[in-house]
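> missing the sequence, but the structure's below:
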């Protein structure tokens with residue numbers, strides 16, 4: 001019974017952590033390209049599926065397409081995306097050079113991370129509310145007695161506390177990563 005609510009909480013947490021991976025922290029991270037798609041013969045395709053994406057240096061991502069005619073398409077897709085980096089096309093590969101983040105930009109990113117964390121906490125609390133509502137309905141329908149209801153509600157609360165802690169830890173870790181120069 002509680003498994004489906006735990007799964008929902010886990011999905012909310014995983015969604016937040018995948019959003020965190022796309023936030024660039026001054027170091028080159030290939031995950032910033034996760035949401036960027038290239039028009040590959042009329043089909044929107046992730047960059048990782050049309051070429052080799054590597055990090056040869058701390059602040060550089062190198063994209064080597066398997067088909068040279070895709071260089072222009074990849075360059076266009078990166079320009080249209082919201083990662084905010086201008087690609088350098090050398091004729092055989094594309095380099096993305098990540099500039100050092102300013103202190104102000106770091107603080108803005110840390111605020112954004114905190115906001116995403118709070119949004120995820122709200123989602124987890126809404127899942128808790130839904131679980132408790134369902135338990136109360138089961139109690140009214142005499143599927144659960146009052147003692148079982150209290151036990152189940154405390155289990156839901158324990159589950160919520162676990163996920164709130166995981167969210168806080170992830171927000172803390174990502175904020176620390178952003179603020180590290």
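That came in fine, so what should we check first? Keep in mind it's a predicted model, so treat the numbers as computed, not measured.
> alpha carbons only for contacts and neighbour counts from here, please
OK.
> helices along this structure, start to end?
3-21, 71-80, 103-140, 146-179 (DSSP state H).
> and of the ones you listed, who's closest to residue 58?
helix 146-179 (14.2 Å; C-alpha to C-alpha).
> kindly reformat the helices of the chain as TSV containing distance to residue 48 and mean pLDDT.
Shown next, in TSV, are the helices of the chain (distance: least, C-alpha to C-alpha, whole Å; pLDDT from 0 to 100):
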stretch	distance to residue 48	mean pLDDT
helix 3-21	15	90
helix 71-80	11	87
helix 103-140	25	92
helix 146-179	24	92
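> so what does the residue lying farthest from the centre of the chain have for phi and psi?
Using C-alpha atoms, centre = their mean, the residue of the chain lying farthest from its centre is residue 142. It sits 41.1 Å away. According to degrees, to the nearest 10, the main-chain angles of residue 142 amount to phi 60, psi 30.
> distance of it relative to residue 148?
Separation of residue 142 from residue 148 (C-alpha to C-alpha, to the nearest Å): 11 Å.
> now do residue 158
For residue 158, the distance to residue 148 equals 15 Å [C-alpha to C-alpha].
> could you do residue 169 as well?
Applying C-alpha to C-alpha, the value for residue 169 to residue 148 is 32 Å.
> swap in residue 44?
51 Å.
> which residue ranges make up each domain of this protein?
For the chain, automatic domain parsing gives the domain ranges 3-21+102-179, 30-97.
> now the end-to-end length of the last one.
In this case it means domain 30-97. Terminal residues of domain 30-97 lie 12 Å apart, using C-alpha to C-alpha.
> likewise for the first one?
Start to finish, the residues bounding domain 3-21+102-179 are 37 Å apart (C-alpha to C-alpha).
> likewise stretch 88-98?
With C-alpha to C-alpha as the measure, stretch 88-98 spans 11 Å from end to end.
> as a whole number, average confidence for it?
Averaged over stretch 88-98, pLDDT sits at 87.
> which parts of that stretch are buried?
With burial defined by 16 or more other C-alpha atoms under 10 Å, the residues of stretch 88-98 counted as buried are 93-98.
> what of stretch 43-55?
Of the residues in stretch 43-55, 46-48, 50-51, 53-55 count as buried by neighbour count, 16+ other C-alpha under 10 Å.
> list the contacts of that stretch.
The contact list for stretch 43-55, computed with C-alpha atoms under 8 Å, 6 or more residues apart in numbering, reads 28-30, 33-40, 61-67, 74.
> what's the answer for stretch 113-126, then?
Residues from elsewhere that reach stretch 113-126 (C-alpha under 8 Å, 6+ apart): 9, 12-13, 16, 20, 160, 163-164, 167-168, 171, 174-175.
> ditto for stretch 173-181
Applying C-alpha under 8 Å, 6+ apart, the set of residues contacting stretch 173-181 from outside is 20, 25-26, 103, 106-107, 109-110, 113-114.
> I am finished for the moment; much appreciated.
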